[in-house]
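Asks: Need the 3D shape of this:
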Amino acid sequence: MAKTLYLECSSGISGDMTVAALLDLGADRETLMEALESIPDRGFSVEIRRVKKMGIACCDFCVHLEEEYENYDHDMEYLYGHRHSHGGEGEHLHRHHGHPHGEEGGHGHEHSHGENEREGHRHGHIHRGIKEVSAIIEKVNMTESARELALKIFDIIAHGEAKAHDLPVEQVHFHEVGAMDSIVDVVAAAVCFDNLGVKEVIIPKLCEGQGTIRCQHGILPIPVPAVVNIVEEWNLPLEVMDVQGELVTPTGAAIAAAVGTTNRLPKCFRIIKTGIGAGKRQYERPGMLRAMLIEEMESEEKKEEETICCLEANIDDSTGEVLGYMMEKLLEAGAKDVHYCPVYMKKNRPAWQLTVLCGEEDISRLEDIIFSESTTIGIRRVKMKRTTLERRMLSAKTPWGDAPVKVCRWKDRVECYPEYEGVRKLCQKSGLSYREVYREVMASCKKEWRKQ
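Replies: Reported below is the predicted structural model:
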């Protein structure tokens with residue numbers, strides 16, 4: 001049975017929290033360290049330890065940067081003054097130098113530099129673009145599937161930041177994507193996900209704080225623009241909590257977008273194992289990310305079914321144009337589906353049988369359209385139960401633009417169905433045939449979501 005991972009982001013999500021939770025869940029440390037030790041331009045060390053948050057034991061993944069890679073977090077003084085402990089009980093007092101608008105703004109990394117060192121490296125940012133970051137990841141000793149995931153996460157971050165700054169992705173050079181701690185977090189998260197072998201990742205929602213945060217570009221609202229762009233682009237459910245502070249970082253949002261396959265938990269499941277990753281900042285709500293390997297179980301409760309209504313009418317004296325117009329109006333008014341079937345009525349007259357599927361609340365409105373736009377004098381009505389597959393709309397990226405794709409899931413099987421209108425528009429833009437564009441959209445969708 002394929003492994004299913006449930007990420008409970010009730011206290012937000014960041015790169016280091018994700019890595020820590022996956023390590024606590026059982027990701028192999030030796031495999032992770034082999035990958036991290038192969039990262040070029042090393043200017044960091046990694047520490048994995050046990051800490052407590054509100055008395056709860058957690059795994060903590062710390063990236064310690066050398067001076068030349070140091071990034072100072074201007075927001076920490078703004079929020080807490082010069083001295084503040086970001087860990088839980090029993091942790092050491094450290095200073096935070098991760099950039100608040102990048103990785104890790106909400107839960108960033110700890111470093112133990114003194115006051116004079118901190119002042120000396122305030123402006124020592126290292127700026128990289130997505131091209132340089134990708135070149136570094138290509139050299140890391142990791143599986144191809146882990147490398148593909150790491151590149152995807154950075155691509156999502158880069159697009160989110162590019163939209164925020166109104167620049168092409170290739171021209172975005174900023175330390176949020178280029179900081180070494182971000183590279184370490186993304187590589188580590190990709191290696192751990194790959195090592196655990198999970199095929200489905202359930203993320204019901206991302207919980208974010210509110211207020212403002214100070215960063216390289218000034219004071220920004222929470223959630224920061226990059227997070228907003230990622231959430232919007234990838235249709236991630238977001239809940240704003242009554243907590244002051246940044247709980248969801250751009251890297252955390254990008255990881256959720258890259259690995260999440262659904263936001264629906266099974267009604268009944270068994271928890272196989274749990275891992276908890278600690279964040280670095282201490283807000284009103286403790287920074288913890290809980291990851292659970294789960295297995296769906298049959299519920300004793302009867303499965304809830306959707307009630308719909310089927311409207312039928314026979315039409316024997318109408319033109320094709322009238323029928324086509326009526327179908328458009330019915331769909332615009334909320335019909336779930338509309339179709340015609342050729343039938344023979346009494347005296348062998350050829351005719352059409354109209355079938356409309358709708359919710360009970362739409363019956364009256366749709367019947368008015370049928371009576372107004374057709375010559376029928378009667379409509380049959382039947383209530384019925386139906387079971388539908390879980391579905392969501394995604395955007396497949398192609399050289400000619402994005403195309404909407406409907407993705408349906410049944411147990412471990414996932415099917416992608418490009419929307420006709422989206423493919424048609426790309427055909428007109430590219431000058432290619434429908435089949436060529438359709439194949440490109442399907443290939444993009446499969447590559448994005450790594451479905452088997």
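
Asks: now the helices: where do they sit in the stretch 251-400 of the chain?
Replies: 320-332, 363-373 (DSSP state H, counting those that start in this stretch).

Asks: what's the offset of the top helix by length along the chain from the middle of its chain?
Replies: Ranked by residue count under DSSP state H, the longest helix found in the chain is helix 144-165. The offset between the C-alpha centroid of helix 144-165 and the centroid of the whole chain comes to 12 Å, using C-alpha atoms, centre = their mean, to the nearest Å.

Asks: likewise stretch 3-13?
Replies: For stretch 3-13, the gap between its own C-alpha mean and the chain's C-alpha mean amounts to 12 Å (C-alpha atoms, centre = their mean).

Asks: If we go by neighbour counts, what in that stretch is buried?
Replies: Within stretch 3-13, the residues that qualify as buried are T4, L5, Y6, L7, E8, C9, S10, S11, G12, I13, counting by 16 or more other C-beta atoms under 10 Å. Backbone N, C-alpha and C define where each C-beta goes, glycine included.

Asks: Distance across that stretch, terminal residue to terminal residue?
Replies: When the termini of stretch 3-13 are compared using C-alpha to C-alpha, to the nearest Å, they are 21 Å apart.

Asks: one step back: now the helices of the stretch 251-400 of the chain in a markdown table, with mean neighbour count and mean pLDDT?
Replies: Formatted as a markdown table, the entries for those read as follows, by neighbours: other C-beta atoms under 10 Å; pLDDT from 0 to 100:
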| stretch | mean neighbour count | mean pLDDT |
| --- | --- | --- |
| helix 320-332 | 14 | 93 |
| helix 363-373 | 15 | 93 |
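
Asks: For L36, find the nearest of those.
Replies: For these, proximity to L36 was assessed by C-beta to C-beta; helix 320-332 is nearest, at 53.2 Å.

Asks: my guess is V227 meets G209, correct?
Replies: No - the pair V227 and G209 does not pass the contact test of C-beta atoms under 8 Å, sitting 11.0 Å apart.

Asks: who's sitting farthest from the centroid in the protein?
Replies: Checked against the mean C-alpha position of the chain, the extreme residue using C-alpha atoms, centre = their mean is K347, at a distance of 58.6 Å.

Asks: related to what we said a few turns ago, what packs against the longest helix of the chain?
Replies: Packed against helix 144-165, as judged by 3 or more C-beta pairs under 8 Å, 6 or more residues apart in numbering; DSSP states H and E, are the following elements: helix 130-138, helix 175-178, helix 180-196, helix 225-233, helix 250-259.

Asks: Can you give me the buried ones in the first one?
Replies: Buried residues in helix 130-138, defined by neighbour count with 16+ other C-beta under 10 Å: I130, E132, V133, S134, I136, I137.

Asks: How about the contacts made by the spatially most central residue of the chain?
Replies: Centre of the chain computed as the mean C-alpha position; nearest residue by C-alpha atoms, centre = their mean is A257, 2.1 Å away. For A257, the contact set (C-beta atoms under 8 Å, 6 or more residues apart in numbering) comprises I156, I230, E233, W234, L236.

Asks: Most neighbours out of these, which is it?
Replies: Each of those was scored by neighbour count (other C-beta atoms under 10 Å); the top score is that of I230, with 29 neighbours.

Asks: If I look at that residue, what pLDDT would I see?
Replies: I230 carries a pLDDT score of 95 in this model.

Asks: And E298, by the same measure?
Replies: Confidence per residue is given as pLDDT, and for E298 that number is 57.

Asks: where in the chain is pLDDT low?
Replies: The chain contains residues with pLDDT under 70 at 1-2, 67-127, 173-178, 216-217, 298-305, 448-452.

Asks: buried ones in the strand ranked longest in it?
Replies: Secondary structure of the chain read by DSSP state E shows that its longest strand is strand 269-282. Neighbour counts using 16+ other C-beta under 10 Å place F269, G275, I276, G277, A278, G279, K280, R281, Q282 of strand 269-282 among the buried residues.

Asks: Relative to K53, how far out is the last one?
Replies: Spatial separation of Q282 from K53 under the definition C-beta to C-beta, to the nearest Å is 9 Å.

Asks: same question, the fifth one
Replies: Distance of A278 to K53, computed by C-beta to C-beta: 6 Å.

Asks: again, but for the fourth one
Replies: Look at G277 and K53: by C-beta to C-beta, they are 10 Å apart.

Asks: wait, what's in contact with the closest residue in space to A21 that isn't next to it in sequence?
Replies: Nearest non-adjacent residue to A21, counting by C-beta to C-beta, 6 or more residues apart in numbering: G277, 3.2 Å away. G277 makes contact with 16-24, 58-61, 288-291, according to C-beta under 8 Å, 6+ apart.

Asks: Confirm for me that R380 is in contact with Q353.
Replies: No - in this structure, R380 is not within contact of Q353 by C-beta under 8 Å, at 9.8 Å.

Asks: contacting residues for T262?
Replies: With contacts defined as C-beta under 8 Å, 6+ apart, T262 is in contact with E200, V201, I202, I203, E390, R392, R409.

Asks: ugh, wrong one, A403
Replies: S395, A396, P418, E419, G422, V423, K425, L426, V437, V441, S444.

Asks: In terms of helices and strands, where is it?
Replies: In this structure, A403 sits in strand 401-410 according to DSSP states H and E.

Asks: following that strand, which helix or strand comes up?
Replies: Helices and strands here follow DSSP H and E; after strand 401-410, the next one along the chain is strand 413-418.

Asks: If you count neighbours, what's buried in that following strand?
Replies: In strand 413-418, the ones that count as buried by 16+ other C-beta under 10 Å are V414, C416, P418.

Asks: Mind listing the strands it pairs with, and their directions?
Replies: According to DSSP bridges, strand 413-418 has the following sheet partners: strand 401-410 (antiparallel).

Asks: Centre of the chain to the partner strand, how far?
Replies: Relative to the centre of its chain, strand 401-410 is centred 14 Å away, using C-alpha atoms, centre = their mean.

Asks: What about K163, how many residues nearby?
Replies: The tally of other residues near K163 (other C-beta under 10 Å) stands at 18.
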